[in-house]
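S.K.: pasting the structure only:
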């Protein structure tokens, strides 16, 4: 097998987008850019690679599957990212703004978690959260068998 640079896959969606059949495979790191009004769902199977997300607009994105890590570079608008059925080692939330909502899946750690405006991050009870930063009305909610509680951090 020839050795070389890691291949990077780039998917771009803009405008009015409605797809229920996305497939992010194990072909290298993947960058997904979504802008506009959208309803997206699909499968991620990339256990050795990272998925990078840039989301701006209104809508919902839901994935299921497995990957090494997920990096949310930017998420703005009135949108929801549902990762509850995805298994990964690390989630990085570099910039959640507006009324963004992220529902974290099966991750060992979330680092960093930077939220502004009315952004919300839903995590499971036992997930490690490193370097959380919340401004405005942003909040981090923890789901446990006893219900949902808001997490507070000394800053």
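M.R.: That came through fine. Remember, it's a predicted structure, so these values are computed and weren't measured experimentally.

S.K.: For the helix or strand residue 38 falls within, which helices and strands make contact with it?
M.R.: Element membership of residue 38 [criterion: DSSP states H and E] is strand 29-76. With contacts taken as 3 or more C-beta pairs under 8 Å, 6 or more residues apart in numbering; DSSP states H and E, strand 29-76 sits against strand 8-24, strand 79-96. Bear in mind the C-beta positions are built from the backbone N, C-alpha and C, glycine included.

S.K.: let's see 10 Å
M.R.: The contact analysis (3 or more C-beta pairs under 10 Å, 6 or more residues apart in numbering; DSSP states H and E) places strand 29-76 against strand 8-24, strand 79-96, strand 101-103, strand 106-115.

S.K.: now the end-to-end length of stretch 94-103.
M.R.: 15 Å (C-alpha to C-alpha, to the nearest Å).

S.K.: Show me what residue 75 bridges to in the sheet.
M.R.: Following DSSP bridges, residue 75 is listed with bridge partners residue 55, residue 96.

S.K.: distance of it from residue 31?
M.R.: 14 Å (C-beta to C-beta, to the nearest Å).

S.K.: ok so, going back, the helices and strands packed on strand 29-76: which one's closest to residue 151?
M.R.: strand 106-115 (9.7 Å; C-beta to C-beta).

S.K.: Now do the same for that closest one: mean pLDDT, whole number.
M.R.: What strand 106-115 shows for mean pLDDT is 91.

S.K.: Could you point out the helix or strand that follows that strand?
M.R.: strand 120-124.
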